[in-house]
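Engineer: pasting the sequence and the predicted model now:
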Amino acid sequence: MAVKRHEPPARKGRYSLDCRATYRSTDKEPCDNTFDSDWDTLNISASDVITAAEYPWKQIALNVVASGRELRINSGETQIINLAKARIKNAIRTFNNNFSSDLYSDGSLTNQINGLQAIIADTNTNTVGGISATTWAFWQNTVYDASVNSVTPSATTIENGLMLPLWLSLDRGPDDQPDLIVADNTYYSYFESSQVSLKRYTGESNANGGFVTLKYKNADVIFDGNSGIPANHMYFINTNYFELVTHQDADLTVMDDMRPVNQDGSVTPILWMGNVVCSNRKLQGVIIP
């Protein structure tokens with residue numbers, strides 16, 4: 001998944017993954033404080049409008065290994081490359097590629113982070129952050145199913161037939177609406193094709209063959225079809241309630257070299273610990289075929 005910063009920026013270096021689920025629904029309404037006269041007694045019972053979502057820490061360790069022979073060959077005047085730096089760079093590149101796929105996962109593998117298929121699930125009655133969406137309807141993400149709504153996804157239906165109905169169900173005003181839409185290649189192609197009449201050509205000899213960036217309403221629209229996103233899916237993300245949290249002591253932290261007592265070589269651990277957290281699933285949405 002392409003990583004792009006949005007406002008407000010993600011907070012990094014936290015010690016806790018706990019967050020507050022803040023969506024109010026018919027399940028969790030504030031206590032009635034209606035009164036008719038000046039001296040009616042006010043209801044001061046606690047309003048059960050928030051609950052705690054607790055996400056477990058997930059840990060990833062990368063080990064950069066080099067034998068003593070390799071280290072000696074690549075040292076001093078005979079050095080061809082800085083072996084340690086090159087392998088650390090390659091290890092982090094591998095981490096980025098694998099992590100990109102994990103961001104779309106359902107988090108079912110051992111020590112795997114919550115991905116979009118868990119937090120913004122096709123079947124939205126799953127348990128996330130310790131809260132059962134079967135028990136608490138306020139914790140269900142929003143799903144717009146094309147087949148249920150008798151819409152055949154295409155360039156002519158993607159905007160008004162699919163995106164608009166989902167957007168209207170998620171929009172709570174200019175400061176509380178999706179600000180990032182991530183699509184697979186198919187749905188992104190449909191959306192770009194739907195915007196063809198908006199293309200503009202400048203100059204007599206030059207023409208733009210496509211869009212550099214796309215927006216829908218106030219949200220950035222990006223495609224990420226080669227990073228693990230499910231086919232024929234489009235995610236509407238409100239980043240006010242969505243965050244990638246990392247532990248401040250393990251944010252791709254390169255540890256000191258360690259040398260085995262019975263082998264000629266070194267091991268350099270690279271540590272990451274964190275998870276993807278969400279405090280309001282109801283305002284996250286997905287279009288499915």
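Structural biologist: Cool, the structure landed.
Engineer: check which element follows the strand or helix carrying F236 along the chain.
Structural biologist: Using DSSP states H and E, the element containing F236 is strand 234-237. Remark: after strand 234-237, the chain's next helix or strand is strand 242-254, criterion DSSP H and E.
Engineer: list the buried ones in that next one?
Structural biologist: In terms of neighbour count (16 or more other C-beta atoms under 10 Å), strand 242-254 has its buried residues at 242-247, 250, 252. (C-beta placed from N, C-alpha, C; glycine too.)
Engineer: and A231, how many neighbours?
Structural biologist: For A231, the neighbour count with other C-beta atoms under 10 Å is 10.
Engineer: gap between it and N141?
Structural biologist: 19 Å (C-beta to C-beta, to the nearest Å).
Engineer: shouldn't V276 be within a strand?
Structural biologist: Yes - V276: assigned to a strand according to DSSP: H, G, I helix; E, B strand; the rest coil.
Engineer: wait, it sits on L244?
Structural biologist: Yes - look at V276 against L244 with C-beta atoms under 8 Å: they come within range, at 5.4 Å.
Engineer: excluding chain neighbours, give the residue nearest to Y104 in space.
Structural biologist: G228 (4.1 Å; C-beta to C-beta, 6 or more residues apart in numbering).
Engineer: pretty sure that neighbour is touching F99, no?
Structural biologist: No - G228 is beyond contact range of F99, at 9.9 Å (criterion: C-beta under 8 Å).
Engineer: ok so, going back, tell me the mean pLDDT over the strand holding F236?
Structural biologist: The average pLDDT within strand 234-237 is 98.
Engineer: in it, which residues are buried?
Structural biologist: Quick answer for strand 234-237 (16+ other C-beta under 10 Å): 234-237.
Engineer: please apply the same query to stretch 216-226.
Structural biologist: Buried-residue list, stretch 216-226, by 16+ other C-beta under 10 Å: 216, 219-221, 223-225.
Engineer: kindly present those residues as JSON lines, with separate columns for secondary structure, distance to V151 and pLDDT.
Structural biologist: Listed next are those as JSON lines, based on DSSP: H, G, I helix; E, B strand; the rest coil; distance: C-beta to C-beta, whole Å; pLDDT from 0 to 100:
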{"residue": "Y216", "secondary structure": "strand", "distance to V151": "17", "pLDDT": "94"}
{"residue": "A219", "secondary structure": "strand", "distance to V151": "20", "pLDDT": "94"}
{"residue": "D220", "secondary structure": "strand", "distance to V151": "24", "pLDDT": "93"}
{"residue": "V221", "secondary structure": "strand", "distance to V151": "19", "pLDDT": "94"}
{"residue": "F223", "secondary structure": "strand", "distance to V151": "20", "pLDDT": "91"}
{"residue": "D224", "secondary structure": "coil", "distance to V151": "23", "pLDDT": "90"}
{"residue": "G225", "secondary structure": "coil", "distance to V151": "21", "pLDDT": "86"}
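Engineer: closest to V267 out of these?
Structural biologist: Proximity of the buried residues of stretch 216-226 to V267 (C-beta to C-beta) peaks at D224, which lies at 33.4 Å.
Engineer: what's the spacing between that closest one and L103?
Structural biologist: On the measure of C-beta to C-beta, D224 and L103 end up 9 Å apart.
Engineer: got it, and A86?
Structural biologist: A86 is 26 Å from L103, by C-beta to C-beta.
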